[in-house]
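Asks: One predicted model, sequence on top.
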Amino acid sequence: MAVEQINEIDERRTLLLPPDAPAERFEPLAGFVDIWRAKRASGRLPAWRNFDFYDFVGWHGYVYVDQVVARDPLEMRCRLWGIELTELLGFDETGKLFSESPAAAAPGRLEINSRVVGEGLVCLMSGRAVAWGTHTLFTVVKLSCADDGVTVDHILGCAWPIHAAGC
């Protein structure tokens, strides 16, 4: 069952979906979600280590990976931040804690990340990213990854600018 939140202040729309939600729900990021789904086995979440750099051809500059470093309260550290995201937003999140990120100030963002990590959900967001004075329209997908197939320890994400052509 999908859960939808709409934040009127920054025009962001958020859907929390089960991992097996229909592919068409993820446009324009359905191809990226398909890469993640191809690594799932027997309904279990894929491990981040199962992905290869070459899996993300065409998506590289827009990919990010957050590692869960604490669960209560949730804290994550960005382990990978695509160069295209750095150029669009004007900052590099690599190595930074979520609590230090401009995204941490977005209404409901910690709750959304907590649900993705705690429940193994997939998050699809669209709207305006506001960071360091930069406003960019994005569609974002957050995909749960788990070394043991169950307990989420990484979020694999893609933040795709709405003006970019799909892969």
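Replies: Cool, got the structure. Residues are numbered from 1 along each chain as shown.

Asks: elements contacting the host helix or strand of Tyr64?
Replies: Secondary structure assignment for Tyr64, by DSSP states H and E: strand 63-71. Contact partners of strand 63-71 among helices and strands, from 3 or more CB pairs under 8 Å, 6 or more residues apart in numbering; DSSP states H and E: strand 74-81, helix 109-119, strand 154-161. Heads up, the C-betas are built off the backbone N, CA and C, glycines and all.

Asks: one more time with 10 Å, if that's ok
Replies: Packing partners of strand 63-71 (3 or more CB pairs under 10 Å, 6 or more residues apart in numbering; DSSP states H and E): strand 74-81, helix 83-89, helix 109-119, strand 134-145, strand 154-161.

Asks: Out of those, which is closest to Leu16?
Replies: Nearest to Leu16, of all the helices and strands packed on strand 63-71, is helix 109-119, at 5.8 Å by CB to CB.

Asks: Residues contacting that closest one, please?
Replies: Helix 109-119 is contacted from outside by 3, 5, 7, 12, 14, 16, 18, 66, 68, 71-76, 98-99, 101, 103-104, 106, 108, 121-123, 125, 142-144, 146, 151-155, 157, using CB atoms under 10 Å, 6 or more residues apart in numbering.

Asks: Taking the residues you listed, please make a PyMOL selection of just the buried ones.
Replies: Selection of buried members from the contacts of helix 109-119 for PyMOL, criterion 16 or more other CB atoms under 10 Å:
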select buried, resi 7+12+14+16+66+68+74+75+76+98+101+103+106+121+122+123+125+142+143+144+146+152+153+154+155+157
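
Asks: export the helices and strands packed on strand 63-71 to JSON lines and tack on mean pLDDT and distance to Arg44?
Replies: Putting the helices and strands packed on strand 63-71 into JSON lines (pLDDT from 0 to 100; distance: least, CB to CB, whole Å) gives the following:
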{"stretch": "strand 74-81", "mean pLDDT": "96", "distance to Arg44": "21"}
{"stretch": "helix 83-89", "mean pLDDT": "89", "distance to Arg44": "29"}
{"stretch": "helix 109-119", "mean pLDDT": "94", "distance to Arg44": "15"}
{"stretch": "strand 134-145", "mean pLDDT": "88", "distance to Arg44": "11"}
{"stretch": "strand 154-161", "mean pLDDT": "95", "distance to Arg44": "14"}
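
Asks: Return the helix or strand in this protein with minimum mean pLDDT.
Replies: The helix or strand of the chain with the lowest confidence, counting by mean pLDDT, DSSP states H and E, is strand 3-7 at a mean of 46.
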